[in-house]
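Visitor: The sequence and its predicted three-dimensional model are supplied below.
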Amino acid sequence: MTECQRLLFLITEDWYFWSHRLDLARAARDAGFDVTIATRVTDHGGQIQGEGFRLVPISLFRRSRNILRELGAIMELIHVYRRIQPHLVHHVAMKPILYGSVAAWVARVPVVINAFAGLGYLFANSERQRGGLHWVLVTALRWVIGRTGATVLFQNEADRDELVQAGVVPPSCTRIIAGSGVDTTTFSVKPCPPGTPLVVMPSRMLWDKGVGEFVQAARNLKGQGVDARFVLVGRCDDDNPAAIRREQLAQWVGEGTVEWWGHRDDMAAVYEGSTLVVLPSYREGFPKVLLEAAACGRAIVATDVPGCRDVVQDGINGVLVPPRDPSALAGVIANLLLDRCTREMMELKGREMAVAKWAAPGISEQVLGMYHELLKASSVMRHAHRYA
């Protein structure tokens, strides 16, 4: 590149950028990009600026349905894009894809990448997919992606195939890169601690993550006399329609069924103290918590759904169970708690897979390669038009 290319990330929440896109942004900065982060600032504004990134606070709310507020959010993004004049924008998740694509189209941004971090709430079950809101969403996605000529980045094949079959995006405009990677130095192997086994579910507190099934499995196992602690680790997410009320979490804790540790910044220490890591989600993109668990050498129990099955090879680094089945989940947890030999085999294989396939530098290198390829193609096209 002959000039410093301006790269803008549009992500709804600063905490999500910090946990899922920081490594990529650092790699882009170190590769010579001028990096801007446009996000709603709540927790990590100072840290983002401390990395040397330009921070643009925005007022995009994931759960808002107020039409005037939503139009205002789009106009705000158009203003940001015209002011920053990025050569490339990288939209992450549903609302940034929808609204950011409109802004990119109006502001004539040369290269647009729309990255699906999973397909979200409206794709998590068949009933929602039959609803009118799902139809509206698919129609809107088809329109904005077509207008910008965006490259659409998926984390797994199932998500890509679903949107291709729905006519949202042609196959030629899609790419698949396995998640956002994991820091295999921070998340490293420590021996399982002695004493009462700790079964950890690291997740936002959402019904669609399978929290209810985890709690019921814990209740079943405690009723059978299984000696283990069952811990939920993660924040409430009141902006998500599938959010679990704090009162419900408090009730489960009061019953003695589970512990809820809330959000933790020291997840490596959480995994270090665990015996098993569980994610009974209904659908995922490429769950980073499972990458972290694998990197820490922990056996995994997850559901046989898109995203989870892309990380967990059944019987190799973990076990896959049917979704929405707390009895099956409880049975697998009980078996693995008793079978130390199998757990240790899975722990070794999980670490090996994390280092070989999902280490953050390798994932960032793939994304940066895509950036350079698309920017070069855009430059060639502009020159061709100029001299046509």
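Guide: That came through fine.

Visitor: So N335: helix, strand or coil?
Guide: Here N335 is recorded as helix under DSSP: H, G, I helix; E, B strand; the rest coil.

Visitor: what's the burial count for it?
Guide: The number of residues packed near N335 is 13, by other Cβ atoms under 10 Å. Any C-beta I mention is one placed from the backbone N, CA and C, and that applies to glycine too.

Visitor: now swap in the one 4 residues further on and tell me
Guide: Other residues within reach of D339 by the criterion other Cβ under 10 Å amount to 13.

Visitor: Could you report the pLDDT at it?
Guide: pLDDT, D339: 97.

Visitor: again with T196
Guide: If you check T196, the pLDDT there is 97.

Visitor: ditto for N240
Guide: Reported pLDDT for N240: 85.

Visitor: wait, doesn't it sit right on L206?
Guide: Yes: using Cβ atoms under 8 Å, N240 is in contact with L206, at 5.7 Å.

Visitor: higher neighbour count, these two?
Guide: Taking neighbours as other Cβ under 10 Å, N240 and L206 compare with L206 leading, 21 against 18.

Visitor: mind listing what that one touches?
Guide: L206 is in contact with 237, 240, 242-244, counting by Cβ atoms under 8 Å, 6 or more residues apart in numbering.

Visitor: where in the stretch 151-300 of the chain is pLDDT low?
Guide: By pLDDT under 70, the stretch 151-300 of the chain contains no weakly predicted segment.

Visitor: So which residue is smack in the middle of this structure?
Guide: A117 (4.7 Å; Cα atoms, centre = their mean).

Visitor: Just list the residues touching it, thanks.
Guide: 20, 92-93, 155, 285-286.

Visitor: Which of those sits closest to T257?
Guide: G285 (28.8 Å; Cβ to Cβ).

Visitor: So the nearest residue in space to V189 that is not next to it in sequence, which state does it fall into?
Guide: Distances taken as Cβ to Cβ, 6 or more residues apart in numbering put G297 closest to V189, at 3.7 Å, once the chain neighbours are dropped. Following three-state DSSP, G297 is assigned to coil.

Visitor: Next: the one 3 residues further on.
Guide: Assigned state for I300: strand (three-state reduction, three-state DSSP).

Visitor: how about low-confidence regions in the stretch 1-150 of the chain?
Guide: Using pLDDT under 70, the stretch 1-150 of the chain drops low at 1-2, 62-65, 120-132.

Visitor: what about 80?
Guide: 1-3, 61-66, 118, 120-134 (pLDDT under 80).

Visitor: any idea how far the residue nearest to the centre of the chain lies from G225?
Guide: Noted for A117: a distance of 40 Å to G225, by Cβ to Cβ, to the nearest Å.

Visitor: and the closest residue to T148 other than its chain neighbours, helix, strand or coil?
Guide: Spatial nearest neighbour of T148, excluding adjacent residues (Cβ to Cβ, 6+ apart): V112 at 4.4 Å. Recorded secondary structure, V112: strand (three-state DSSP).

Visitor: Pretty sure V112 sits against S101.
Guide: Yes: counting by Cβ under 8 Å, V112 does reach S101; the two are 6.4 Å apart.

Visitor: what bridges to the closest residue in space to I113 that isn't next to it in sequence?
Guide: Once flanking residues are discounted, I113 sits nearest to H90: 4.7 Å by Cβ to Cβ, 6+ apart. H90 has these beta-bridge partners by DSSP bridges: F9, I113.
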